[in-house]
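Novice: sequence and predicted structure, then a few things I'm wondering about:
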Amino acid sequence: MNSLPGSALLVMALTALPISAQERKWLEGTGTGTIRGKVTLDGTAPGDVKVPINPKHTDYDHCMKGDLDDLTWVVGPGNALANVVVYLVPPAKSSFKVDLSKKTWPDEVVIDQPFCAFKPHVSVVFPEYDGQPTGQKFIVKNSAPILHNVRIAGSAFRSPARSETLLAGQEKQFKLRSDHQPLTVRCDVHRWMAAYLWSFDHPFAAVSKADGTFEIKNVPLGAELTVMAWHEMGTPGNGREIRKGALKDGDRIDFSIRK
């Protein structure tokens with residue numbers, strides 16, 4: 001199992017600047033397959049940490065009915081670590097060739113605000129491929145009986161900040177572009193609320209589950225690429241390289257994130 005030290009190489013998640021048609025190369029593999037793995041915490045699991053909520057806030061009573069756990073470090077049995085984004089990066093000036101007929105991504109990605117926390121805390125989306133929409137919808141819901149707001153921000157060029165008010169029971173769809181950094185999701189009404197969203201131009205990404213496991217399907221095999229991992233506190237801003245080289249079908253990629 002690989003342990004990722006604090007001095008590990010910082011690699012950009014996606015190319016920050018657009019690649020011209022003349023420069024770009026399509027990544028050619030020998031086929032496709034599935035990779036799996038498990039993420040664990042290298043360190044002591046935190047105790048029962050709660051999000052501080054202002055008792056004088058107008059919505060205090062409703063907020064206290066929901067999940068108040070701090071979701072920064074979600075650690076399960078065996079130090080299994082949730083909410084880690086694992087994703088693939090092609091070589092410089094290359095792009096993944098995606099067969100859109102072999103769909104592995106959901107029709108919708110939804111974040112809800114049933115009380116005073118975003119659910120889920122970390123998500124990945126695949127809104128566009130080769131400059132065209134994939135048809136996947138990104139929706140933010142407010143299933144609470146109180147007013148919420150959502151403010152989404154990424155890089156200034158690709159994902160400038162935008163804010164929408166969500167009335168009780170309301171939902172809104174947001175049009176996203178792929179970005180080279182994680183997008184933050186905030187609520188200006190309840191300022192302790194936070195979530196994270198990675199928006200990719202390919203579907204080769206997953207979020208580790210409560211048991212630390214992840215799975216990425218239809219990945220290109222036999223081609224040089226990089227496997228990256230991102231955690232909101234355990235890695236640099238755009239993540240860390242955890243493996244570089246060709247993948248084989250059935251490869252296991254187990255690693256740890258240092259707290």
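Specialist: It's in.
Novice: in what helix or strand does D61 lie?
Specialist: Using DSSP states H and E, D61 sits in helix 60-63.
Novice: show me what contacts the nearest residue to F204 once chain neighbours are set aside?
Specialist: Closest residue to F204 apart from its sequence neighbours, by C-beta to C-beta, 6 or more residues apart in numbering: L88 at 4.0 Å. C-beta coordinates here come from the backbone N, C-alpha and C atoms, glycine included. By C-beta atoms under 8 Å, 6 or more residues apart in numbering, the contact list for L88 reads F96, H202, F204, A205, I216, V219, L225, T226, V227, M228.
Novice: so in terms of bridging, what pairs with L88?
Specialist: On the basis of DSSP bridges, L88 is bridged to V227.
Novice: in terms of pLDDT, where does it sit?
Specialist: You'll see L88 listed with a pLDDT of 98.
Novice: one step back: contacts for the helix holding D61?
Specialist: Here helix 60-63 has contacts from I53, N54, H57, F115, C116, A144, P145, I146, H190, using C-beta under 8 Å, 6+ apart.
Novice: buried ones in stretch 88-101?
Specialist: Across stretch 88-101, burial judged by 16 or more other C-beta atoms under 10 Å covers L88, V89, P90, S94, S95, F96, V98.
Novice: now the third one: how far from R36?
Specialist: Right, P90. The spacing between P90 and R36, counted by C-beta to C-beta, to the nearest Å, is 21 Å.
Novice: and for the first one?
Specialist: As judged by C-beta to C-beta, L88 and R36 stand 14 Å apart.
Novice: common neighbours of these two, please.
Specialist: In contact with both L88 and R36: I216, using C-beta under 8 Å, 6+ apart.
Novice: how about W26, secondary structure?
Specialist: Here W26 is recorded as strand under DSSP: H, G, I helix; E, B strand; the rest coil.
Novice: quick one, what contacts the residue nearest to it when sequence neighbours are not counted?
Specialist: Leaving aside its sequence neighbours, W26 sits nearest to K97 (C-beta to C-beta, 6+ apart; 4.6 Å). Contact analysis of K97 by C-beta under 8 Å, 6+ apart lists W26, L27, E28, P220.
Novice: between the residues you listed, which sits nearest G66?
Specialist: P220 (41.2 Å; C-beta to C-beta).
Novice: ok, whichever strand or helix holds I139: who's next to it in the sheet?
Specialist: Using DSSP H and E, I139 falls within strand 137-141. The strands that strand 137-141 pairs with in its sheet are strand 108-111 (parallel), strand 171-174 (antiparallel) (by DSSP bridges).
Novice: give the buried residues for the last one.
Specialist: Okay, so that is strand 171-174. For strand 171-174, by 16+ other C-beta under 10 Å, it's F174.
Novice: average pLDDT for it?
Specialist: For strand 171-174, the mean per-residue pLDDT is 97.
Novice: phi, psi for G31 please.
Specialist: phi 150, psi -170 (degrees, to the nearest 10).
Novice: what's the distance between it and N79?
Specialist: 34 Å.
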